[in-house]
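> need coordinates for the following:
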Amino acid sequence: AEFPIKACTECRFSNGGHFFAAVNSNTIQIYSTYTCENVGNLRGHNGKVRSLYWSLDDLLLVSAGMDGAIYEWATQDYKRVSENA
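Numbering: from 1, shown residues only. Next up is the predicted model:
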C-alpha cells in the first residue's frame with residue numbers, strides 16, 4: 001500500500017508504530033500504519049511546520065512551526081489542546 005502524501009517536508013512514526021505523521025506545508029496529516037488511511041488532519045500553523053514529536057504514550061503530538069508557534073495536539077480527537085506562540 002502507498003501513502004498518498006505529496007511534498008512531505010517532515011515525518012515521524014509514533015512510538016507504538018501504529019500512527020505516522022506527515023507534514024505538507026502547514027498541515028499535519030496523521031495516517032494509520034496498518035491501513036494507510038488518513039485518520040486526521042491537524043491545521044493551525046500560520047507558517048510551515050518544521051518539527052514533530054510524539055509523547056511517549058502517543059496520546060499527544062507536538063508540532064513546531066516556522067511561525068514560532070508550538071502546538072500540542074490530542075490524537076484521540078485531533079484537536080489542539082495547548083499552544084505556545
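
> sec struct for Ala7, please.
Under the three-state scheme (DSSP: H, G, I helix; E, B strand; the rest coil), Ala7 adopts coil.

> and it, what does it touch?
Ala7 is in contact with Asn24, Ser25, counting by C-beta atoms under 8 Å, 6 or more residues apart in numbering. Bear in mind the C-beta positions are built from the backbone N, C-alpha and C, glycine included.

> please report how far it lies from Leu56.
According to C-beta to C-beta, to the nearest Å, Ala7 stands 29 Å off from Leu56.

> my guess is Leu60 meets Thr75, correct?
Yes. In terms of C-beta atoms under 8 Å, Leu60 counts as a neighbour of Thr75; the distance is 6.6 Å.

> so Gly41 makes contact with Ile30?
No, residue 41 isn't Gly; it's Asn. Yes. Asn41 lies in contact with Ile30 (C-beta under 8 Å); the separation is 7.3 Å.
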